[in-house]
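Peer 1: Structural data only, the sequence is not supplied:
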C-alpha cells in the first residue's frame, strides 16, 4: 500500500474550491492500492487532517508527519491546489528538491502556464492564435485611449497570474476601464487586457492516460453571465455541454492545437485549455494545470464522457507520477 498525500487549500482566493477538489480525490482514491492522507496547505499552517478532523503539523524538512509517535512519509503527492503555491511551480520545485513524486507538471511548466502573458508568448511561434492584448504592470501609467485603440471595446481585463476568474471584468465603455484595472490589481500586480473574441467558448482537457497523450471530449461553455466567471464556473450559472456542439472538423482542429500545446510545453499530468472559436479559428485564452476536480468540474465531466471513472482518473495520475 502506497501512502499518498493529497495536498489541498493553498494561498489564493481559490482555496475553497481546492478543498472540495482534494476531498473528491480522497473520496475516490482506490483504497485497495493507496492510503490517502488529506494535507491542508495554508500560509499559517501545513497540517495533516485525519478522519476526525484532528490536525497534525507537517515537518517541512522532509514533508513527513508524526502521528502518535509514528512518523509517516509519502510515496507520492496528489496535487489538488488551484492557484499559488500548487499551480505556479512552488510546490513542484519543493517536492523535486525532496525527491517526492507528484501528479502535476514540473515547476517550470507550472510557472509558465500560470503566467498567461508568458504562456501565450511561448506558444505563438507554434501557430497558436490568441486575442489581441495589452499588458500593464502595477505603477504603469494607464493610457485608456491607447488601450482601447489596441484592443477595442468591449474588452476583458484580467489578472495575469491569478486563476479561477477572480478579478476579471468585461469592459464595455472606456469609463469602466480604470475600475476594472483596480479590480484586477487586487488579485495580481500584472494585468492582461484582451480584445473581445466573439465566438464559441470551449474547454479542452488533455491528459497523459496510461502513457498516451489523450485529448478528452471537449466541453462547450454557455454562460448565463456575461462570460465564464467565478459564479458561472462554480455556482452553476452556466451550461456546460460535453461533447461540444461543434463540427467534427472543428473538434479535430482544436484537439490538435490543445495536444500540440501540451507536447510543446513538455507537460505532464492534467491540463485544461480554454479556447474561443472565431470564424473557424481556435484562439487560446489560457491553460490550467491543476484544473478543478470537484464532481461538477470540467475534467471529471470530460473523463466521464470518455468512459474514464474518477477512480481510474486518479489512479492513472498517481501511477504515472510514481517511478517505474
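Peer 2: Okay, I see it. These numbers come from a predicted model, not from an experiment. Residues are numbered from 1 along each chain as shown.
Peer 1: CA only for contacts and neighbour counts going forward, please
Peer 2: OK.
Peer 1: what's the most centrally placed residue in the chain in contact with, if anything?
Peer 2: The centre of the chain sits closest to residue 288, judged by C-alpha atoms, centre = their mean, with a distance of 2.8 Å. For residue 288, the contacting residues are 113-114, 163, 271-273, by C-alpha atoms under 8 Å, 6 or more residues apart in numbering.
Peer 1: And the strands in the stretch 1-150 of the chain?
Peer 2: Taking DSSP state E, counting those that start in this stretch as the test, the strands found in the stretch 1-150 of the chain are 2-9, 34-41, 46-49, 55-59, 64-67, 70-72, 76-79, 129-130, 133-137.
Peer 1: How many neighbouring residues does residue 207 have?
Peer 2: Residue 207 has 26 neighbours, counted by other C-alpha atoms under 10 Å.
Peer 1: so it touches residue 214, yeah?
Peer 2: Yes - using C-alpha atoms under 8 Å, residue 207 makes contact with residue 214 at a distance of 5.4 Å.
Peer 1: what residues go with each domain of the chain?
Peer 2: Taking the TED database as the reference, the chain has its domains at 2-103, 111-129+198-289, 133-195.
Peer 1: Throw the ones you listed into TSV and include mean pLDDT and distance to residue 304, thanks.
Peer 2: As requested, the domains of the chain are exported to TSV (pLDDT from 0 to 100; distance: least, C-alpha to C-alpha, whole Å):
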stretch	mean pLDDT	distance to residue 304
domain 2-103	97	14
domain 111-129+198-289	92	9
domain 133-195	93	22
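Peer 1: how about CSV for these, with distance to residue 296 added?
Peer 2: Formatted as CSV, those follow (distance: least, C-alpha to C-alpha, whole Å):
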stretch, distance to residue 296
domain 2-103, 10
domain 111-129+198-289, 8
domain 133-195, 15
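Peer 1: Mind checking the ones you listed for the one nearest to residue 318?
Peer 2: domain 2-103 (6.0 Å; C-alpha to C-alpha).
Peer 1: gap between the two ends of the closest one?
Peer 2: 14 Å (C-alpha to C-alpha, to the nearest Å).
Peer 1: so how far is it from its chain's centroid?
Peer 2: Relative to its chain's centre, domain 2-103 lies at 17 Å (C-alpha atoms, centre = their mean, to the nearest Å).
Peer 1: Kindly state the beta-bridge partners for the residue nearest to the centre of the chain.
Peer 2: residue 272 (DSSP bridges).
Peer 1: same thing with residue 5?
Peer 2: residue 37, residue 77.
Peer 1: my read: it touches residue 34, true?
Peer 2: No - at 9.9 Å, residue 5 does not count as touching residue 34 under the criterion of C-alpha under 8 Å.
Peer 1: Compare the two and say which is more crowded by neighbours.
Peer 2: residue 5 (25 against 17).
Peer 1: roughly how far apart are that one and residue 252?
Peer 2: 37 Å.
Peer 1: circling back to that earlier point, closest one to residue 314 among the domains of the chain?
Peer 2: domain 2-103 (6.6 Å).
Peer 1: Count the neighbours of residue 316 for me.
Peer 2: Other residues close to residue 316 by other C-alpha under 10 Å number 18.
Peer 1: contacting residues for it?
Peer 2: Counted by C-alpha under 8 Å, 6+ apart, residue 316 has contacts 209-210.
Peer 1: where do the helices sit along this structure?
Peer 2: 15-28, 90-98, 107-114, 116-123, 144-151, 177-185, 230-234, 248-264, 298-305, 310-321 (DSSP state H).
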